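Novice: Predicted coordinates and the sequence they were generated for:
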2 protein chains.
Amino acid sequence: MNFLEERIVKDGVVKPGNVLKVDTFLNHQMDIELIDQMGAEFKKRFGDAPITKILTIEASGIGIACLVARHFHVPVVFAKKSKSINLDGEMYVAEVESFTHKCKNQIIVSKKVLSSEDHVLIIDDFLANGCALQGLLSIVAESGASVEGIGIAIEKGFQPGGRMIRNLGYHLESLAIVDGMNDETGEILFRPQEA
Amino acid sequence: MNFLEERIVKDGVVKPGNVLKVDTFLNHQMDIELIDQMGAEFKKRFGDAPITKILTIEASGIGIACLVARHFHVPVVFAKKSKSINLDGEMYVAEVESFTHKCKNQIIVSKKVLSSEDHVLIIDDFLANGCALQGLLSIVAESGASVEGIGIAIEKGFQPGGRMIRNLGYHLESLAIVDGMNDETGEILFRPQEA
């Protein structure tokens, strides 16, 4: 097991309905040193790519993206989930469904901060059905930028997002891939990864 | 002018209605090195306090809080803006009005991640009317934790939030205090600060 898998086993909680709660260290309270270590690992896995920008989506992706970005020395752009009076001008827009909140949202990125010259690393905390990721990929495509890779903290390997994204040919790296969970025993089954 | 004031003059845009857009470097695209420098400055201003946790509110506070937290070696907790199925158990709840979105939200922090033993530094990107801050202070009070300080990137000094918070006796540090803006000339007037 790698450092993130070990932490999930130690502090993650499996709930009915395939919910994995990691809110004491990843997406409500955030263990900054753990996430910094994730940043170093992503740098190892994507270090050869000419990344100019890290793209994520509010809210829980932002902190991870900022700590990862330190290792790449590039800015972060986070897609916003609804039109706000502070975000005017020309925008890229995509529609995404939320598994957690059971609703549809528009996500928005200002054209000022993403262009065809950018090489993008997408970062997020979870990948399950891949809805948020499809929205981000659609925005990158609209901008003309290239996607150099996608870095995910925890992928739910038993949901279709990861397979679909890999089938599309993207370089997707998930630090922990959960292939199964048992909410009665609390057991979590990880997909084996190369060391 | 300090480094943040200089950046606001260079890249901030004044819009009608007392809106200051800083979305190319602070709250949409994020300049990681600038924000890291803000973290070092907050460490200088709050370094004597026995801080155990940094508290912020989604979304635009999160990235700043995470980069500030590196300088204090403590975890970040971000208050969530609506009840989600991934956040169950006992929670602290407060109601806040949003100036930007013209609506009311509940903000929520899990009791698992904030307790009476915590010494909290609150971090946010903007302070205007202080609505979000009042909600965070109410949550800290409910938890029994103590507020060691409040660190803000940009305070709108012509709105009442900062004065109210200082009158309540909190140690509030705003890296840039804007006392006036002119959307016709683009001029921004900063409150003088000690070097």
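Specialist: Structure's in. What do you need? This one's a predicted model, so the numbers in the text were calculated from it and none came from an experiment.
Novice: Could I get the full set of helices for chain A?
Specialist: A:3-11, A:32-46, A:60-72, A:131-143, A:161-167 (DSSP state H).
Novice: Of these, flag the one that's most buried.
Specialist: helix A:60-72 (a mean of 27; mean count of other C-beta atoms under 10 Å in any protein chain shown). Every C-beta, even on glycine, is put in place using the N, C-alpha and C of the backbone.
Novice: before we move on, the earlier item: okay, the helices of chain A in JSON lines with distance to B:Lys80 and mean pLDDT next?
Specialist: Listed next are these as JSON lines, based on distance: least, C-beta to C-beta, whole Å; pLDDT from 0 to 100:
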{"stretch": "helix A:3-11", "distance to B:Lys80": "18", "mean pLDDT": "98"}
{"stretch": "helix A:32-46", "distance to B:Lys80": "18", "mean pLDDT": "98"}
{"stretch": "helix A:60-72", "distance to B:Lys80": "9", "mean pLDDT": "97"}
{"stretch": "helix A:131-143", "distance to B:Lys80": "16", "mean pLDDT": "96"}
{"stretch": "helix A:161-167", "distance to B:Lys80": "23", "mean pLDDT": "97"}
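Novice: Just put those in CSV and tack on distance to chain B.
Specialist: Listed next are the helices of chain A as CSV, based on distance: least, C-beta to the nearest C-beta, whole Å:
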stretch, distance to chain B
helix A:3-11, 10
helix A:32-46, 5
helix A:60-72, 4
helix A:131-143, 13
helix A:161-167, 17
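Novice: Identify the residues contacting the nearest residue to A:Leu175 once chain neighbours are set aside.
Specialist: Spatial nearest neighbour of A:Leu175, chain neighbours left out: A:Leu4 (4.6 Å); criterion: C-beta to C-beta, 6 or more residues apart in numbering or on different chains. A:Leu4 makes contact with A:34, A:38, A:153-154, A:175-176, according to C-beta atoms under 8 Å, 6 or more residues apart in numbering or on different chains.
Novice: Among those, find me the one that's closest to B:Gly149.
Specialist: Relative to B:Gly149, the closest of the contacts of A:Leu4 is A:Leu34; by C-beta to C-beta it sits at 24.8 Å.
Novice: burial count for the closest residue in space to A:Val9 that isn't next to it in sequence?
Specialist: Of all residues not flanking A:Val9 in the chain, A:Ile188 sits nearest, at 6.2 Å (C-beta to C-beta, 6+ apart). By other C-beta atoms under 10 Å in any protein chain shown, 18 other residues sit near A:Ile188.
Novice: beta partners for A:Ile188?
Specialist: A:Met181 (DSSP bridges).
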